[in-house]
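1. Just the structure for this:
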Amino acid sequence: MTNLHKLTSLDLQPFYRNTLGIDRLFESMLNRVDTPANNGYPPCNVIRTDEDHYAVELALAGFIESEIDVSIHDGQLVVRAEKAEQETDEVNKEYLHRGIAVRSFVKTFQLADYVEVLGAKFQDGILTVSLERLVPESMKPRKIVIESK
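-> Coordinates of the predicted model:
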């Protein structure tokens, strides 16, 4: 029995009875398990630098900045890269072993509520996307003063 099968055969009804909207969350999580778009290429790190700041690093050896696109769509961070046409001297090469995979890809990351992308930089073959969680003041916990008469 695969892990995916175990996840999809899990009875989530007890969670649905006591919460509103959590069914959509679980369905979204299950739909993202082992999707072709998130197959492990390119390798990446997800880092938390403090309570509200995060970074996603992707190893993009063989790509140049103009071949990489970073966007946000429907609550998802989408990183895609498409390798440009090979130059003429590249066509004449015969690879005896090709360990550096340079292929087009689309990699998606579901952004949590209130997470915003601050920016992206590409340096030394590593793409780093900086993220920050910006919870509105109205959503943060606050102390209620109890008055007595």
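
2. Now do the contacts for F63.
-> By C-beta atoms under 8 Å, 6 or more residues apart in numbering, F63 lies in contact with A81, K83, V102, G125. (C-beta placed from N, C-alpha, C; glycine too.)

3. mind checking how far V79 is from S71?
-> When distance is defined by C-beta to C-beta, to the nearest Å, V79 is 8 Å away from S71.

4. for Y95, that is, sorry about that
-> Taking C-beta to C-beta, one finds Y95 at 32 Å from S71.

5. neighbour-wise, which of the two wins?
-> S71 (10 against 7; other C-beta atoms under 10 Å).

6. Would you map the helices across this protein?
-> In the chain, the helices defined using DSSP state H lie at 3-8, 13-18, 22-32, 88-91.

7. how about low-confidence regions in the protein?
-> 1-39, 85-91 (pLDDT under 70).

8. mind listing the strands in it by residue range?
-> 44-50, 53-59, 68-73, 76-81, 105-110, 115-123, 126-133 (DSSP state E).

9. Domain boundaries for this protein, per the record?
-> 1-34, 38-135 (automatic domain parsing).

10. isn't R80 right up against R103?
-> No - using C-beta atoms under 8 Å as the test, R80 is too far from R103 to be in contact (11.8 Å).

11. Tell me which of these two has more neighbours.
-> Just comparing R80 and R103: by other C-beta under 10 Å the higher neighbour count belongs to R80, 15 against 10.
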